[in-house]
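**Q** the following comprises the amino acid sequence and a computationally predicted model.
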Amino acid sequence: MTALGVNAATLVNNVKGYTLNDSGKLTTFNNLVIDHGKVVAANVDVNDYSIDKTIDGEGKVMLPGLIDAHGHLLGLGANLLEVDLRESTSAQNAARMVADYAFAKPAQAWITGRGWNQELWSDRAFPTAQDLDKVVADRPVALARVDSHATWVNSKAMELAGITKDTKSPAGGEIIKDADGNPTGVFIDNASLLIEAHLPKASNAVYEQQLQAAGEHLLSNGITSMHDAGIGRDVYDFYLKEAVEGDLPVRVYAMVSATDPELSTMLGNGNIRDANDFLYIRSVKAYGDGALGSRGAALLEPYSDAPHQHGLLLTQPEDMTQLFTTVLGAGFQLNYHAIGDKANHVALNEFETTFETLGGAELRNRIEHAQVIAPDDLARFAELKVLPSMQPTHATSDKNMAEDRIGKDRMKGAYAWKTLLDSGIALPLGSDFPVELANPFYGLHAAVTRQDRNNQPVKGWYAHEALTIEQAFKGFTLDAAYAGHMEDTLGSLTKGKWADFILVDQDIFTIKPEDIWKTKVHATYVAGEQVFEAK
């Protein structure tokens, strides 16, 4: 249930508190007074206040609730409720996981899952329908790659979708085919829509299950607010209902999907901000290209490990002007997914042109991911006031693959967090869950060390782009709030803001950086009310 605040002053006492002040500087406190769910003051003389309730922090470290600036809320919920292939070691191993799941769900019409990544398998080859046919042939199977930019299916799914040797790849997508021209069972980017059109339609009952599962998971990891990167009209309506009923477990800054047929209707409804700040809708998510791992990220020059491929533009160049003018003209922030240097380049060009003809720079528009940027384009983010919304764990997940894909030279503009931050632009950080794990301490750790959780590579991966712990913390708090036009009420524990906070077991500002990811959340509070306690 939504925490709507308390009726009398609450004192949170005996804590080692950290927050950023209104100037973005790190400050400390040992107590905090809350009234009606909002912060009144910190470091107070308790005799100056009429305290109705006291929360004993037991000397634990207190931080503002963390904000994930790019995730997929119901996607996380679905992931928690379906077969998870993140730990699979081969196509055959993944197929066995699917078989076990299918056996346990005999009444489920479609077997769905997510998380496979052929780059982590010894052969690094795409899987095939035959791998799945050996274990599940009687029911359709559809499995999203870890980045959601490819779908692996069995023959039954292709049969139901009417996919044959003669089916042509759609614009912005590719049906992988073998030497004889037969579809292999892997569908890249927009080609996945040929399969998704036949999946069972979600209902509010399903959404509620997903929302509950995702909410519990995020709160247990210290995330009290998230930016939902792409919702359709059905989820838009569902969120409105949940907000009215007070049933959103975390704060949601929702981006309307640019590809939804009812985009104009949702834009016409204008900005929507719930009085308790559990739902804010004032942005649109657009889709520039695919992902690096599936070679769908659009590059200016060919892939270093596939010289015949440049990746895929999901929004065609001739459609960009209308999209940008429609969204910015409606007063909505535009958040443009761009991973490859070509997708980033054309997005920055279109923002620049649109600002000159229409305006809209003040909307804090964003490029989501901003992973591989042509070096000449790096300074343009600050010049255009376009925020690079980035995910630190993408770098540590991609480190074994990225240089193969783009070569050493292009790495100068890849995962360039510090360069972008030093150029004078805010750097909102997130995880892209469920593509990556939602735990924000994994993101803080990756941002500071440029290492995976096994401390590899020893000196960090392109370590000159690492952030300080204060910079990374700002990315998951104030900069994320700013990127969602919510720095007036979220992102720090200062006067007048919502008392969203967490108690954790170690001090991320003083411990060894390699231990940041081990941080455990003891309790989570939203608007001053406890919503999670570790067992």
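**A** That came through fine.
**Q** ok now the helix or strand hosting residue 283, how far from the chain's centre?
**A** Using DSSP states H and E, residue 283 sits in strand 279-287. Put simply, strand 279-287 sits 13 Å off its chain's centre (CA atoms, centre = their mean, to the nearest Å).
**Q** now swap in stretch 318-328 and tell me
**A** 24 Å.
**Q** would you indicate which residues of that stretch are buried?
**A** If you call a residue buried by 16 or more other CB atoms under 10 Å, then stretch 318-328 has these buried ones: 320, 323, 324, 325, 326, 327, 328. For the C-beta atoms, the positions are set from N, CA and C on the backbone; glycine is no exception.
**Q** can you put these in JSON lines and add distance to residue 60, secondary structure and pLDDT?
**A** Shown next, in JSON lines, are the buried residues of stretch 318-328 (distance: CB to CB, whole Å; DSSP: H, G, I helix; E, B strand; the rest coil; pLDDT from 0 to 100):
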{"residue": "320", "distance to residue 60": "49", "secondary structure": "helix", "pLDDT": "97"}
{"residue": "323", "distance to residue 60": "47", "secondary structure": "helix", "pLDDT": "98"}
{"residue": "324", "distance to residue 60": "46", "secondary structure": "helix", "pLDDT": "98"}
{"residue": "325", "distance to residue 60": "50", "secondary structure": "helix", "pLDDT": "98"}
{"residue": "326", "distance to residue 60": "48", "secondary structure": "helix", "pLDDT": "98"}
{"residue": "327", "distance to residue 60": "43", "secondary structure": "helix", "pLDDT": "98"}
{"residue": "328", "distance to residue 60": "44", "secondary structure": "helix", "pLDDT": "98"}
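**Q** out of these, who's nearest residue 515?
**A** Closest to residue 515 out of these is residue 327 (42.4 Å), distances taken as CB to CB.
**Q** any idea how far the closest one lies from residue 302?
**A** 31 Å (CB to CB, to the nearest Å).
**Q** what of residue 243?
**A** Residue 243 is 47 Å from residue 302, by CB to CB.
**Q** local confidence estimate at the closest residue to residue 105 other than its chain neighbours?
**A** Leaving aside its chain neighbours, residue 105 sits nearest to residue 111 (7.2 Å; criterion: CB to CB, 6 or more residues apart in numbering). Note on residue 111: pLDDT of 95.
**Q** do the same with residue 148
**A** 89.
**Q** so it sits right up against residue 114, yeah?
**A** Yes: the criterion here is CB atoms under 8 Å, and residue 148 meets it with residue 114 at 7.3 Å.
**Q** so for those two, which sits in the more crowded spot?
**A** residue 114 (22 against 19; other CB atoms under 10 Å).
**Q** in CSV: the buried residues of stretch 318-328, plus distance to residue 175.
**A** Shown next, in CSV, are the buried residues of stretch 318-328 (distance: CB to CB, whole Å):
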residue, distance to residue 175
320, 25
323, 26
324, 30
325, 33
326, 30
327, 30
328, 34
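**Q** who are the contact partners of residue 268?
**A** residue 330 (CB atoms under 8 Å, 6 or more residues apart in numbering).
**Q** now do it, the pLDDT please.
**A** So, for residue 268, pLDDT stands at 98.
**Q** kindly report the same for residue 79.
**A** pLDDT, residue 79: 86.
**Q** repeat that for residue 6.
**A** 38.
**Q** number of nearby residues for residue 509?
**A** 16.
**Q** what's the spacing between the spatially closest residue to it that is not a sequence neighbour and residue 444?
**A** Leaving out its chain neighbours, the residue that sits closest to residue 509 by CB to CB, 6+ apart is residue 469, at 5.7 Å. Counting by CB to CB, the gap from residue 469 to residue 444 is 7 Å.
**Q** give me the common contacts of these two.
**A** The contact sets of residue 469 and residue 444 overlap at 508, 516 (CB under 8 Å, 6+ apart).
**Q** ok, the two, which is more surrounded?
**A** Higher neighbour count among residue 469 and residue 444: residue 444, with 25 against 19, using other CB under 10 Å.
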